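J.: Need coordinates for the below:
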Amino acid sequence: MRPRGNRDRIDHRMADFESNQETLRSYVRIIRKRFYWLVAFTILAVAVATAVSSVQPKEYSATTQMLVEPSTGSVAISGTQQTVAPTDVLTDLQLITSGPVESAAAKKLGYKPVISASEVGQTNVIAVTATASTPAKAAQAANTYAAAFVADQRAEAITALTSVEQQLQSQINGITNQLRPLEAENNPSSTTTATVSALSSQEAVLKEELAQIEVTGAVSPGGVEVVSAAAVPKSPSSPKPVRNGLMGLVIGLLLGIGAAFVAEYFDDKVYTKAQAERLTGGTPVLAMIPKVPGAKRAGTSIISEIDPFSPATEAYRSLRTSMQFAGHNGRLKTILVTSSSGSEGKTSTVVNLAVVLAKAGERVVVVGCDLRRPRIGGFLGRGEVPGFTNVLLGRDELKSSLQTVPNTPGLALLATGLVPPNPAELLGSDKAGSIFRLLAGAFDTVIVDSPPVLPVADALILARYADAVLMVVSAGHTTEAELQRATELLQQVGVRLTGVVLNKLVRFSGVGSEYGYGYGYKYAYAPLRPPEVAMNGNGHVRPAHAKVGPDRRPAT
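T.: Next comes the predicted model:
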């Protein structure tokens, strides 16, 4: 049996691994969602690097290599072969760019050359590189500068050798002066003889060193020596478009990734199902509607009518099914569709949901209650007058105000009507409640198009007439604060959201992976009977084809 301590350790490791995997997925999701930042910054950086390379004048570089050697003077003084220390190489690197060398080279060239010096690896070799506008000038400048430095070092070495020679000659002269009186004695003692012998030997050694340094100094005084003269370069050293382009690519990618994460940090839009459910207090997302290209115009927003096989149409069918399950304790007759703010696809959701319900065989009526910005009639190809406000004000009968929708049997429209100066008061009247009750008795489903929750109180008033309230959230448009505040306002008047519709999803925007439809349909929906409207004996509205009971009320 495995010890419990080992199991706990394994569980912790697995939890850490899963946490790291989730973090990595989050990073990848952000990069996919903000991919345009990477593209924009990368293109910009590469373009800047290419532009800079194209306007830069061409420059050529030539390099001369010099070997740092031990000084002959140091060999003579110590009597042993010296080696070059790392500090000697560093010292020469500093001396190369000294004033005397620059002045000497500029005097020979007629201009001050652009020079750089560096150590070649971990060796005693120094590379002197000259940069000029032409290949010949670069090679000439490198060789001239190297020659000036060698001459400067040679002069210093010769000065040092001369000083050493003078020291040796002075020592030899001193020994010679000591030997003269000793050698002049007629009867030298044994001590004198030994002293003479020692001084003679020392004198011989010093003379040998002096001769050696004179010969060596005449050949090479030491210091530095050119080992590789600069050749005329065949290609420019600057600019380098390929290198600059690659650097721009890397810098652009890094800047793009940074910008993507910064934008994600400050972005408070709602994008995912989890966000929408969290901000609405756990209200389920009943449908996720992909964005329909070119759906800003009213007529093209009825995608369920235009393209019955599109992913968006299937998403609306999914919403229809979800609404049926949401009303398992009782039929949801009146459905209010609203949003937190404008331009979130609320009206297009109303008309598409109505179409798929009608195509499924239900008798549906759409009621335009957005008295501030009426648009429902234009979406369904009908006028806004007569409509809901006309019936409220007693100017028109409910029966005559209902309009059939072309090409969609089973669907009727009660448009907005005249725009009143006091929408909230009209919507809160008893007459409005009676109209909704009449419509609920005559149709299977009543779908109400209302204004957004935040700008005006109309939606809060209409919510009391509804059996279900749907909140439309536009992915990438609705902010978290807007959605949360709209939910709070509904809760304050005792309304709980039935579901959320996450609208205008875009693939590869960080949420696109949450939906996907790859199948089609081999069948078509059968046409349904038109929603003709009649009045029964008690003044109730009913479709003309509805069954009538003995009391002349629509049979249930």
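J.: Residue 227 contacts residue 63, correct?
T.: No. Residue 227 lies out of contact with residue 63 (C-beta atoms under 8 Å); the separation is 11.7 Å. Yep, even glycine has a C-beta here, placed from its N, CA and C like the rest.
J.: Would you mind telling me which of these two has the busier surroundings?
T.: Neighbours were counted for residue 227 and for residue 63 using other C-beta atoms under 10 Å; residue 63 has more, 22 against 11.
J.: Tell me where the chain is predicted with low confidence.
T.: 1-22, 71-82, 183-188, 213-222, 294-301, 327-330, 507-556 (pLDDT under 70).
J.: Show me it divided up by domain.
T.: Domain assignment for the chain, taken from automatic domain parsing, gives 4-56+240-266, 60-228, 273-522.
J.: Most tightly packed of those domains?
T.: Of the domains of the chain, the one with the most neighbours on average (mean count of other C-beta atoms under 10 Å) is domain 273-522, at a mean of 20.
J.: which residues in the stretch 151-300 of the chain form strands?
T.: Counting by DSSP state E, counting those that start in this stretch, residue ranges of the strands within the stretch 151-300 of the chain are 224-228, 285-290.
J.: which SS class is the spatially closest residue to residue 414 that is not a sequence neighbour?
T.: In this structure, residue 414 finds its nearest non-sequential neighbour in residue 367, 4.7 Å apart by C-beta to C-beta, 6 or more residues apart in numbering. Under DSSP: H, G, I helix; E, B strand; the rest coil, the three-state class of residue 367 is strand.
J.: Hmm, residue 367 is touching residue 388, no?
T.: Yes. Counting by C-beta under 8 Å, residue 367 touches residue 388, with 6.1 Å between them.
J.: Residues that sit against both of the two, list them.
T.: The contact sets of residue 367 and residue 388 overlap at residue 414 (C-beta atoms under 8 Å, 6 or more residues apart in numbering).
J.: This protein: strands as residue ranges?
T.: For the chain, the strands defined by DSSP state E cover 60-68, 114-119, 125-132, 224-228, 285-290, 334-339, 364-368, 403-404, 411-414, 445-449, 468-474, 499-505, 533-535, 541-543.
J.: Would you mind measuring from the closest residue to residue 336 other than its chain neighbours to residue 389?
T.: Sequence neighbours aside, residue 466 is the residue nearest to residue 336 in space, at 3.7 Å (criterion: C-beta to C-beta, 6+ apart). Distance of residue 466 to residue 389, computed by C-beta to C-beta, to the nearest Å: 19 Å.
J.: cool, residue 195 as well?
T.: With the distance defined as C-beta to C-beta, residue 195 ends up 139 Å from residue 389.
J.: Could you do residue 206 as well?
T.: Between residue 206 and residue 389 the computed distance is 126 Å (C-beta to C-beta).
J.: With residue 420 instead?
T.: The gap separating residue 420 from residue 389 is 5 Å, by C-beta to C-beta.
J.: and if you look at residue 166?
T.: 120 Å.
J.: Test my guess that residue 286 contacts residue 320.
T.: No. If you go by C-beta under 8 Å, residue 286 and residue 320 don't touch, sitting 9.5 Å apart.
J.: wait, doesn't residue 48 sit right on residue 247?
T.: No. Contact criterion C-beta under 8 Å: residue 48 and residue 247 do not qualify, at 10.5 Å.
J.: Figure out which of the domains of the chain is closest to residue 234.
T.: Across the domains of the chain, residue 234 has its closest neighbour in domain 60-228 (7.2 Å, C-beta to C-beta).
J.: Spatially central, which residue of the chain would that be?
T.: residue 260 (2.7 Å; C-alpha atoms, centre = their mean).
J.: which residues does it contact?
T.: Contacts for residue 260 (C-beta under 8 Å, 6+ apart) come out as 30-31, 33-35, 37-38.
J.: From residue 480, how far off is it?
T.: Noted for residue 260: a distance of 19 Å to residue 480, by C-beta to C-beta.
J.: same thing with residue 318?
T.: 25 Å.
J.: Which parts of the stretch 301-450 of the chain are helices?
T.: Shown for the stretch 301-450 of the chain, the helices assigned by DSSP state H, counting those that start in this stretch span residues 303-306, 311-326, 346-359, 376-379, 388-392, 398-401, 423-427, 430-442.
J.: coming back round to it: now render the domains of the chain as TSV, adding distance to residue 234.
T.: Putting the domains of the chain into TSV (distance: least, C-beta to C-beta, whole Å) gives the following:
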stretch	distance to residue 234
domain 4-56+240-266	15
domain 60-228	7
domain 273-522	48
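J.: What are the contacting residues of stretch 309-323?
T.: The contact list for stretch 309-323 (C-beta under 8 Å, 6+ apart) reads 284, 286-290, 292, 303-304, 307, 332, 335, 349, 352-353, 355-357, 360, 468, 498-499, 501, 515-517, 520-521.
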